[in-house]
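A.B. asks: Sequence first, predicted coordinates after that:
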Number of protein chains: 2
Amino acid sequence: MPSASDPSQRPDPLEKVGPRRRHGLVIVNTGEGKGKTTAALGVLFRAWGRDFNVRMFQFIKHSTARFGEHRAAKKIGLQIESLGDGFTWLSKDMDETTALAVAQWERCQDAILHGDEDIIVLDEFTYAMHYGWIPVGDVVETLKQRPEQMHVIITGRYAPEELVDYADLVTEMKLIKHPYEEQGIKAQPGIEF
Amino acid sequence: MPSASDPSQRPDPLEKVGPRRRHGLVIVNTGEGKGKTTAALGVLFRAWGRDFNVRMFQFIKHSTARFGEHRAAKKIGLQIESLGDGFTWLSKDMDETTALAVAQWERCQDAILHGDEDIIVLDEFTYAMHYGWIPVGDVVETLKQRPEQMHVIITGRYAPEELVDYADLVTEMKLIKHPYEEQGIKAQPGIEF
């Protein structure tokens, strides 16, 4: 049965995007499957196409990371700011890992509370909450105080319940079939990173 | 427990992407949730960052569509080719809808068999198989004959079992919470289209 999210029910492609009142959403991409960060990148790309002001903060990924998304972002002048040490719970120096997450969160808070971005992505931020480096209550409190029209997208596994409860749109990426685990194929540049 | 797809297990950001032998994957993004097309866009963006040769064919979406992705793609010279009439099973003229899907599939076949793309996306193509406009057996046969290194990404709900069986990586985007249905919020430009 056709439902509200059927493709046929999507906005008419010919419809002009008028000055409709924008309602900022909190979007969470979680689950064990692929596509959490990638879908957030897709949103940034799409929004950039509409000249929106977008910005991505990455947790976990090393500040010197030069993955496909960093190269692409650099080419079009889109801001991706990484501040991680490339590790999480396997880190040999947990104090350092925690300190980096806290420092990155402070930058995010500033952007969320005082920034003029249309869309802010907090990539792999759920881990920082899940592992107790950042209190989820603080995160929800900050999100509540954001400018009314700002969208915030948070990605990563183990999205805390309190965040899910507050979020507007939550999608679980569920792994049905995985070539790397099943067939021993290595992660592919361009596809996965 | 850390597993092969933990972030901590991802390729070392500092590792150079060497000339590893590439193994082309068939990737399916399906399910009722958000992010199927968006994640495919994210892959295109990331791969474009690595100077890969990428191309997206869209089914269903009208050939005159000017969504965020079309605007963004145009800005960076990325190819998105739409050939739909904007409808599916609600179409008033099903012959026309079917004919468009068949014509678009012929273009896709040509690209898959003879193209030099690194990644080809068939966006919302599952509907064409699900509704019987294109036999899934033909699709799998064509995929089998593609150049060894070519990745093909297929998106849409109702991915046919035969396609899932053949695919390397299948992710189900599962709807956990949806603001448009629950809160009556309209789809947002930049986020959804």
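C.D. replies: Noted; the coordinates are in hand. Numbering: from 1, shown residues only, chains lettered A, B, ... in the order given.
A.B. asks: How about the contacts made by A:L113?
C.D. replies: Contact analysis of A:L113 by CB atoms under 8 Å, 6 or more residues apart in numbering or on different chains lists A:T142, A:Q145, A:R146. Heads up, the C-betas are built off the backbone N, CA and C, glycines and all.
A.B. asks: What is the neighbour count of the second one?
C.D. replies: When you say that, I think you mean A:Q145. By other CB atoms under 10 Å in any protein chain shown, the residues close to A:Q145 number 10.
A.B. asks: what's it sitting at in phi/psi?
C.D. replies: Backbone torsions of A:Q145, given as degrees, to the nearest 10, read phi -90, psi 0.
A.B. asks: Would you state the strands of chain A in chain order?
C.D. replies: Under the criterion DSSP state E, chain A contains strands at A:26-30, A:54-62, A:79-84, A:119-123, A:151-155, A:169-177.
A.B. asks: Chain B versus A:M94, what's the distance?
C.D. replies: For A:M94, the distance to chain B (CB to the nearest CB, to the nearest Å) stands at 12 Å.
A.B. asks: what's the burial count for that residue?
C.D. replies: 14.
A.B. asks: What's the per-residue pLDDT of it here?
C.D. replies: Note on A:M94: pLDDT of 70.
A.B. asks: Pretty sure A:L169 sits against B:I185.
C.D. replies: No - the pair A:L169 / B:I185 is not scored as a contact, 9.1 Å apart, by CB atoms under 8 Å.
A.B. asks: Which residues are in contact with each of those two?
C.D. replies: Taking CB under 8 Å, 6+ apart as the contact rule, A:L169 and B:I185 both touch A:L25, B:P179.
A.B. asks: of those two, who's got more company?
C.D. replies: A:L169 (27 against 15).
A.B. asks: Would you mark the buried spots in the longest helix anywhere in chain A?
C.D. replies: Ordering each helix of chain A by length in residues (DSSP state H) puts helix A:94-114 first. For helix A:94-114, burial by neighbour count (16 or more other CB atoms under 10 Å in any protein chain shown) applies to A:T97, A:T98, A:L100, A:A101, A:Q104, A:W105, A:C108, A:Q109, A:A111, A:I112.
A.B. asks: what inclination does it have with respect to strand A:119-123?
C.D. replies: For helix A:94-114 against strand A:119-123, the angle by axes from the mean of the first three to the mean of the last three CA atoms, to 10 degrees is 170 degrees.
A.B. asks: List the contacts of A:W105.
C.D. replies: The neighbours of A:W105, taking CB under 8 Å, 6+ apart as the test, are A:F125, A:A128, A:I134, A:V139.
A.B. asks: Looking at those residues, which is nearest B:G77?
C.D. replies: A:F125 (32.2 Å; CB to CB).
A.B. asks: worst-scoring helix or strand of chain A, pLDDT-wise?
C.D. replies: Least confident helix or strand, chain A: helix A:179-183 with a mean of 65, by mean pLDDT, DSSP states H and E.
A.B. asks: where in chain A is pLDDT low?
C.D. replies: Scanning chain A for pLDDT under 70 picks out the ranges A:1-22, A:85-93, A:180-184.
A.B. asks: Show the contacting residues for A:W48.
C.D. replies: Counting by CB under 8 Å, 6+ apart, A:W48 makes contact with A:V54, A:I76, A:L78, B:G68, B:A72, B:K75.
A.B. asks: hmm, which of those residues are the buried ones?
C.D. replies: The neighbour-count test (16+ other CB under 10 Å) marks A:V54, A:L78, B:G68, B:A72 as buried among those.
A.B. asks: Does the last one touch A:R46 like I think?
C.D. replies: Yes - judged on CB under 8 Å, B:A72 makes contact with A:R46 at a distance of 5.9 Å.
A.B. asks: ok, back up a step: tell me the angle the longest helix of chain A makes with strand A:79-84.
C.D. replies: Per the same axes, to 10 degrees, the angle that helix A:94-114 makes with strand A:79-84 is 150 degrees.
A.B. asks: can you state the direction angle for helix A:94-114 and strand A:54-62?
C.D. replies: With the same axes, to 10 degrees applied, the angle from helix A:94-114 to strand A:54-62 works out at 180 degrees.
A.B. asks: Using CSV, write down the CA coordinates of helix A:94-114.
C.D. replies: The C-alpha coordinates for helix A:94-114 follow below in CSV (Å, rounded to 0.1, in the frame of the first residue of the first chain):
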residue,chain,number,x,y,z
MET,A,94,42.0,6.4,27.1
ASP,A,95,42.6,9.7,28.9
GLU,A,96,43.8,11.2,25.6
THR,A,97,40.9,9.7,23.6
THR,A,98,38.4,11.1,26.1
ALA,A,99,40.1,14.5,26.1
LEU,A,100,39.9,14.7,22.3
ALA,A,101,36.2,13.8,22.4
VAL,A,102,35.5,16.4,25.0
ALA,A,103,37.5,19.1,23.1
GLN,A,104,35.6,18.2,19.9
TRP,A,105,32.3,18.3,21.7
GLU,A,106,33.1,21.8,23.0
ARG,A,107,33.6,23.0,19.4
CYS,A,108,30.4,21.3,18.4
GLN,A,109,28.5,23.0,21.2
ASP,A,110,29.7,26.3,20.1
ALA,A,111,28.6,25.7,16.6
ILE,A,112,25.2,24.3,17.6
LEU,A,113,24.5,27.2,20.0
HIS,A,114,26.0,30.1,18.1
